[in-house]
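In: give me coordinates for this.
(2 chains)
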Amino acid sequence: MSETATGENILPFYIVCDESGSMDGIGGIDAINSGLPELHSTIAADPLVSDKCRIGLISFSDIAEELLPLSRATDIPAMPGVQSKGVTNYGEAFTLLRYVIDRDIDALKQQGYQVFRPAVFFITDGEPTDDQTWEQTYRSLIDKNTNRRAPNVIAFGVNGANATTIGKIGTVGAFIASSGINPGNALKEILRSLTNSIVSSSSSSTPQLVVPAAPDGCTAVPLQTV
Amino acid sequence: MTEGEWSRDSATGPVPLLRIGEASAFGMKPWWDVADHHKLSPSGFASDVACEAGTVGELAISAISVRGHKHRIDGRENEDSFAIRIAKSQAGEEYVILVLCDGLSSAKHSAFGARRTSSLVADLLRRVISNEAFLISRLGTVLGTFLHDFVVPELRSWPRPSGELSLAAYGYPETPSSDVPLTDLLVTLSIAVVPTTNGTSGASEVFLATIGDSPIFVLLRNGDWLRPSYVEHDEGVLTTATAAFPKTTDVAATQIILYEGDCLCLMSDGVGNFIQNKSGSLRLGQHLAEVWRSPRDIPTLVRDVSFDLRSADDDRTVILCWSDRTTQQTGTESPALST
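Out: Residues are numbered from 1 along each chain as shown, chains lettered A, B, ... in the order given. Down below sits the predicted model:
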């Protein structure tokens, strides 16, 4: 560490969005692209939250991409958008998450910050297409015995997502859109819920993840072991 | 503005603040800015700055509490409180009693709980010291029982409204006390009982007790921070970060020797969290270790705890007890008087 630490608290949040082709057909891409700027402006306008939280954005389909490196909301000129692509490879997202979380925490600690356990909001509209391999990648991400930076994960599923799979991915919360609910509208509610969770989590003196209540049009699903 | 420097900033107004790291969202605007980050408390008792300072025996004592950003922005009260009392034992020994409480955010009336608890505990200790065959070495074994038997029953004993004015005018919750559960009054509790004169060796035996995570430090005369360790009493569980009074009355207590030149520091975590970590002193800790080696004038102390550090948004309270004011030199020059 180059200079004495400040002890400043950081609560990192990663938003992981499915941008598989099916997301476009249900209005999911538009919903996310209109919801992310709202999330950004809400967080940036709240000094308690913007001082304490950092947000990153990862998208996944055939591959995963880091669309926004972990950043302070006030340092983000505009939120990037997602776009419809290929299939739904969960494993790609978890592999990239593991890498960026390690990299980010190392960098923050190097700068003297006190970093709290990261939180991941995982949003998908379908079942994984890499169904043979994603669970192993996921386990290595969330197993606190082997990964001391294992994040808390809150999973949201819409449209073709399976409740059991979503229950496996969420470690502290899992929600699925009710059947008959327009998936685009459900995603808008999910992003609002996610924003509230970030604001509530960062508003307490000692940052702690506040798991949101079920977004409108969604129900909580039981958490499953992988 | 460079970290560690006192400097003036047009945004924060004419009062120089210590800025650590990059400016916080609050530090970039004056408190009266249209952003409304610093609201009055509708019920009063905001306690933006509360202070007591003075001398007793060989000690110089200052207590400062500053409302944190998270309560300013919501127009809520400072949830920290402190109480200071002086008591004399039947053997003629004089002690100062220092009590600091930090209300838990989750408790509905924690600001009142902190005010009430700190005063009641300080008064209890004054009675214990004055009326009993007081032995400081026995205090740790009986304090938990005293808190349970005498303070807990008093916590909710406030009168019913009788007339035009509501009880809020007196700082009580407007709810009848019978409707306020003890869990609405949860606080951390830090206690120090300090002899007002040092022994012939220049040292004095000090009693410390805590419930919860508000830290007590000794700033040693060499500039190091020491955090005493505690032992359990009253068959209770070890103090943890979540322990709170009156949910538990089991104190973690210890006795330490305070030497000439040391400064005993009771803190709420709004300050204490930024003193040191596992690797050593943090930047604020380093700075305060330098400037608190000797007593500070009161306006300077207010500025000391008004530091700007991102994420440090909780209420900030310190009680500082300099062990020998006669040998400790004034740390800062008196400000020049001007018209």
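
In: and the gap between the residue of chain B found nearest chain A and residue B:312?
Out: Proximity of chain B to chain A (CB to the nearest CB) peaks at residue B:25, 3.2 Å away. C-betas here are computed from N, CA, C, even on glycine. According to CB to CB, to the nearest Å, residue B:25 and residue B:312 sit 12 Å apart.

In: the more surrounded of these two?
Out: residue B:312 (28 against 24; other CB atoms under 10 Å in any protein chain shown).

In: get me the contact residues on the stretch 101-250 of chain B for chain A.
Out: For the stretch 101-250 of chain B, the residues in contact with chain A (CB under 8 Å from any CB of the partner chain) are residue B:105.

In: which strand of chain A spans the most residues?
Out: Secondary structure of chain A per DSSP state E: the longest strand is strand A:9-18.

In: helices or strands up against that one?
Out: Helices and strands touching strand A:9-18, by 3 or more CB pairs under 8 Å, 6 or more residues apart in numbering or on different chains; DSSP states H and E, are helix A:28-45, helix A:47-52, strand A:53-60, helix A:90-110, strand A:114-115, strand A:119-124, helix A:183-203.

In: contacting residues for the residue of chain B closest to chain A?
Out: By CB atoms under 8 Å, 6 or more residues apart in numbering or on different chains, the residues touching residue B:25 are A:47, A:48, A:50, A:51, A:74, B:37, B:310.

In: would you format the helices and strands packed on strand A:9-18 as JSON lines with distance to chain B and mean neighbour count included?
Out: Shown next, in JSON lines, are the helices and strands packed on strand A:9-18 (distance: least, CB to the nearest CB, whole Å; neighbours: other CB atoms under 10 Å in any protein chain shown):
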{"stretch": "helix A:28-45", "distance to chain B": "9", "mean neighbour count": "19"}
{"stretch": "helix A:47-52", "distance to chain B": "3", "mean neighbour count": "24"}
{"stretch": "strand A:53-60", "distance to chain B": "9", "mean neighbour count": "25"}
{"stretch": "helix A:90-110", "distance to chain B": "10", "mean neighbour count": "19"}
{"stretch": "strand A:114-115", "distance to chain B": "7", "mean neighbour count": "20"}
{"stretch": "strand A:119-124", "distance to chain B": "16", "mean neighbour count": "27"}
{"stretch": "helix A:183-203", "distance to chain B": "7", "mean neighbour count": "22"}
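
In: hang on, the earlier thing: so for the longest strand of chain A, mean pLDDT?
Out: Averaged across strand A:9-18, pLDDT comes to 94.

In: where's the next helix or strand after that strand relative to the chain centroid, distance-wise?
Out: Going down the chain from strand A:9-18, the next helix or strand is helix A:21-25, by DSSP states H and E. Relative to its chain's centre, helix A:21-25 lies at 19 Å (CA atoms, centre = their mean, to the nearest Å).

In: list the buried ones in helix A:21-25?
Out: Neighbour-count burial for helix A:21-25, counted by 16 or more other CB atoms under 10 Å in any protein chain shown, picks out A:22, A:23, A:24.

In: mind exporting the C-alpha coordinates of that helix to CSV?
Out: Extracted in CSV, the C-alpha atoms of helix A:21-25 (Å, rounded to 0.1, in the frame of the first residue of the first chain):
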residue,chain,number,x,y,z
GLY,A,21,-31.5,-13.0,-28.3
SER,A,22,-34.6,-13.9,-26.4
MET,A,23,-34.4,-10.7,-24.3
ASP,A,24,-35.1,-8.6,-27.3
GLY,A,25,-38.3,-10.3,-28.2
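
In: residues making contact with that helix?
Out: By CB under 8 Å, 6+ apart, the surrounding residues in contact with helix A:21-25 are A:28-29, A:32, A:61, A:82, A:84-88, A:125-126, A:159-160.

In: could you redo the last one with a cut-off of 6 Å?
Out: Taking contacts as CB atoms under 6 Å, 6 or more residues apart in numbering or on different chains, the residues outside helix A:21-25 that touch it are A:29, A:84, A:125, A:126.

In: kindly report the same for stretch B:209-219.
Out: Here stretch B:209-219 makes contact (CB under 6 Å, 6+ apart) with B:102, B:143, B:188-191, B:208, B:225-227, B:239, B:241, B:243-245, B:251-253, B:262-269, B:272, B:289, B:292.

In: at 7 Å instead, please
Out: Identification of contacts with stretch B:209-219 by CB atoms under 7 Å, 6 or more residues apart in numbering or on different chains yields B:100, B:102, B:140, B:143, B:188-192, B:208, B:225-228, B:230, B:239, B:241, B:243-245, B:248, B:251-253, B:256, B:258, B:262-269, B:272, B:275, B:289, B:292.

In: mind checking which of those are buried?
Out: Buried members of the contacts of stretch B:209-219, counted by 16+ other CB under 10 Å: B:100, B:102, B:140, B:143, B:188-192, B:208, B:225, B:228, B:230, B:239, B:243-245, B:248, B:251-253, B:256, B:258, B:262-269, B:272, B:275, B:289, B:292.

In: for residue A:73, give its distance to residue A:33.
Out: As judged by CB to CB, residue A:73 and residue A:33 stand 17 Å apart.

In: how about residue B:271?
Out: 43 Å.

In: with residue A:126 instead?
Out: Applying CB to CB, the value for residue A:126 to residue A:33 is 18 Å.

In: and if you look at residue B:68?
Out: From residue B:68 across to residue A:33, the span is 37 Å (CB to CB).

In: likewise residue A:198?
Out: When distance is defined by CB to CB, residue A:198 is 18 Å away from residue A:33.

In: repeat that for residue A:78.
Out: Counting by CB to CB, the gap from residue A:78 to residue A:33 is 11 Å.

In: go on, residue B:196?
Out: To residue A:33, residue B:196 is 68 Å away according to CB to CB.

In: surely residue A:126 and residue A:88 touch.
Out: Yes. Counting by CB atoms under 7 Å, residue A:126 touches residue A:88, with 4.9 Å between them.

In: intersection of neighbour lists for those two?
Out: residue A:20.

In: looking at those two, which is more packed in?
Out: Taking other CB under 10 Å, residue A:126 and residue A:88 do not tie; residue A:88 has more neighbours (27 against 22).

In: what is the burial count for residue B:73?
Out: Counted with other CB under 10 Å, the neighbours of residue B:73 add up to 20.

In: any weak-confidence spans in chain A?
Out: A:1-2, A:205-206, A:226 (pLDDT under 70).

In: and stretch A:139-157, which residues are buried?
Out: Buried residues in stretch A:139-157, counting neighbours by 16+ other CB under 10 Å, are found at A:141, A:142, A:149, A:150, A:151, A:152, A:153, A:154, A:155, A:156, A:157.

In: what about chain B, any weak spots by pLDDT?
Out: Looking along chain B with the criterion set at pLDDT under 70, you get B:1-16, B:132, B:161-166, B:230-242, B:327-339.

In: longest helix in it, by residue count?
Out: Looking across chain B with DSSP state H, the single longest helix is helix B:110-131.

In: angle of whatever helix or strand comes next after it against helix B:110-131?
Out: Moving toward the C-terminus from helix B:110-131, the next helix or strand (DSSP H and E) is helix B:139-146. For helix B:139-146 against helix B:110-131, the angle by axes from the mean of the first three to the mean of the last three CA atoms, to 10 degrees is 120 degrees.

In: can you give me how far helix B:139-146 is from the chain middle?
Out: Distance of helix B:139-146 from the chain centroid (CA atoms, centre = their mean) equals 21 Å.

In: separation between the nearest residue to residue A:188 once chain neighbours are set aside and residue B:97?
Out: Spatial nearest neighbour of residue A:188, chain neighbours left out: residue A:31 (5.1 Å); criterion: CB to CB, 6 or more residues apart in numbering or on different chains. In this view, residue A:31 and residue B:97 are 60 Å apart by CB to CB.

In: likewise for residue A:155?
Out: For residue A:155, the distance to residue B:97 equals 53 Å [CB to CB].
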